[in-house]
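J.: model this:
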Amino acid sequence: MNFKPKNWNDPQSVARAAIRLTYAAMDAAFNEADHPRAENGEFGSGGGSESKKEHPFIASFLSEHKSTTAQKEYLEKVPAEKLRTALTLASKSDSESSRKVAKLIEKELDSRADRGTSKGYEEI
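T.: Numbering: from 1, shown residues only. Now for the predicted structure:
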């Protein structure tokens, strides 16, 4: 397949070439073994399973800080920017433990905002 545009001065020609190249790269990156099929040949219902896996940060946080008190004490020391990143990670997971962590983080950020501390929400 030719990935060069027919005319470099024509934006549509360049865009079509970029699309061809993108699809070729996606095809090359697809590994059939990473996507098991059911006996009937269809892909399983595991689509989007990445969001259902617990992020390593969440698993590590929960294993290192077993009690709710220890979790809250730890979160109080974490900068707001990192808490927002952790909240995003926790929110992408469907696990019960990730939802628990997300609620703890939200409470900590809300508490900081209520106190008006510099560690609270910043304007984005």
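J.: Please identify the buried residues of the helix or strand containing residue 12?
T.: Per DSSP states H and E, residue 12 falls inside helix 11-29. By 16 or more other Cβ atoms under 10 Å, the buried positions in helix 11-29 come out as residue 17. For the C-beta atoms, the positions are set from N, CA and C on the backbone; glycine is no exception.
J.: going forward, begin numbering at 51 instead of 1
T.: With 51 as the first residue, the last one maps to helix 61-79.
J.: Only C-alpha atoms, please: export the next helix or strand after that helix in CSV.
T.: The C-terminal neighbour of helix 61-79 among helices and strands, as given by DSSP H and E, is helix 106-114. Output of helix 106-114 as CSV, limited to C-alpha atoms (Å, rounded to 0.1, in the frame of the first residue of the first chain):
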residue,chain,number,x,y,z
PRO,A,106,-1.5,-0.8,40.2
PHE,A,107,-1.6,2.5,42.2
ILE,A,108,-4.9,1.6,43.7
ALA,A,109,-3.8,-2.0,44.6
SER,A,110,-0.5,-0.7,46.1
PHE,A,111,-2.3,2.0,48.1
LEU,A,112,-4.8,-0.5,49.6
SER,A,113,-2.1,-3.0,50.4
GLU,A,114,0.1,-0.5,52.1
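J.: any residues touching helix 106-114, and which ones?
T.: Here helix 106-114 makes contact (Cβ atoms under 8 Å, 6 or more residues apart in numbering) with 121, 124, 136, 139-140, 143, 145, 147-148, 151.
J.: Return the subset of those residues lying in strands.
T.: Secondary structure from DSSP state E places none of these in strands.
J.: Highest neighbour count among these?
T.: The residue in these with the most neighbours, by other Cβ atoms under 10 Å, is residue 151 (27 neighbours).
J.: Checking my notes, residue 53 in a helix, right?
T.: No. Assigned with DSSP: H, G, I helix; E, B strand; the rest coil, residue 53 falls outside any helix and is coil.
J.: you'd agree it is up against residue 72?
T.: No. Residue 53 lies out of contact with residue 72 (Cβ atoms under 8 Å); the separation is 9.7 Å.
J.: how long is stretch 137-149 end to end?
T.: 9 Å (Cα to Cα, to the nearest Å).
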